[in-house]
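J.: Got a predicted structure plus its sequence, pasted below:
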Amino acid sequence: MRSFKERQRAPGHWWVLATVMTGTFMGGLDTYIVNVSLPTIAGTFGAEIAVVQWVPLAYLVAVTSTLVISGRAADLWGSRRVYVGGLLTFVVGSALCGAAPTALVLVACRGVQGLGAAMLLSSGQALLAEVFPEGQRGRAMACMHVAVALGFTLGPSMGGL
């Protein structure tokens, strides 16, 4: 039998899972979405491959260099705040990528996107652990990791489209 506290938070925790899955899916998707379109990006901006290769690298460098810092920020200020901040940062970075006038600006905007993704990935699990009762936590974590794997898997295909 569930406790009163678990029954009180039960309806909203599925929305939290859906939000975390969406954010982590997008973070995984954007890891590989630009790889197959690098020749098109180079042609569109008239940029050299030495510059264009930084489009995916800027994202990966930003994620890997800020993941631990973002996790610590979630410990200090709360996983919900960091997750929401990461979602906003990711969305703003994505919009800036779409409006980038040059390849160098695109590289910088991909760095902003990567920072947002690091915030999403580092605080998503903690947020699920806070919201889900112990008996459902494993299922919620598995759903989140499936979303990441789907993002990694679909990234190249969607980038090709």
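T.: Right, received. Where do you want to start?
J.: Is it correct that Phe90 is in contact with Met26?
T.: Yes. Applying Cβ atoms under 8 Å as the test, Phe90 and Met26 come out as touching, 6.6 Å apart. From N, CA and C alone the C-beta is placed, and that goes for glycine too.
J.: tell me, what's touching those two both at once?
T.: Counting by Cβ atoms under 8 Å, 6 or more residues apart in numbering, the residues touching both Phe90 and Met26 are Ala117, Leu120.
J.: Now the helix or strand encompassing Met26: buried residues?
T.: Taking DSSP states H and E as the definition, one finds Met26 inside helix 4-32. Neighbour-count burial for helix 4-32 flags 13, 16-17, 19-21, 23-32 (criterion: 16 or more other Cβ atoms under 10 Å).
J.: quick one: Gly160 from Gly71, how far?
T.: 33 Å (Cβ to Cβ, to the nearest Å).
J.: Surely Met21 is in contact with Leu150?
T.: No. In this structure Met21 lies outside contact range of Leu150 using Cβ under 8 Å: 9.1 Å.
J.: so what pLDDT did Ala99 get?
T.: pLDDT for Ala99: 97.
J.: Need the nearest residue in space to the residue nearest to the spatial centre of the chain, chain neighbours excluded.
T.: Central residue of the chain (Cα atoms, centre = their mean): Gly27, 2.6 Å from the mean position. Distance criterion Cβ to Cβ, 6 or more residues apart in numbering; nearest residue to Gly27, sequence neighbours excluded, is Ala117 at 3.8 Å.
J.: what about the one you found, neighbour count?
T.: Ala117: 31 surrounding residues under other Cβ atoms under 10 Å.
J.: re earlier: now tell me which of the buried residues of helix 4-32 the prediction trusts least.
T.: His13 (81).
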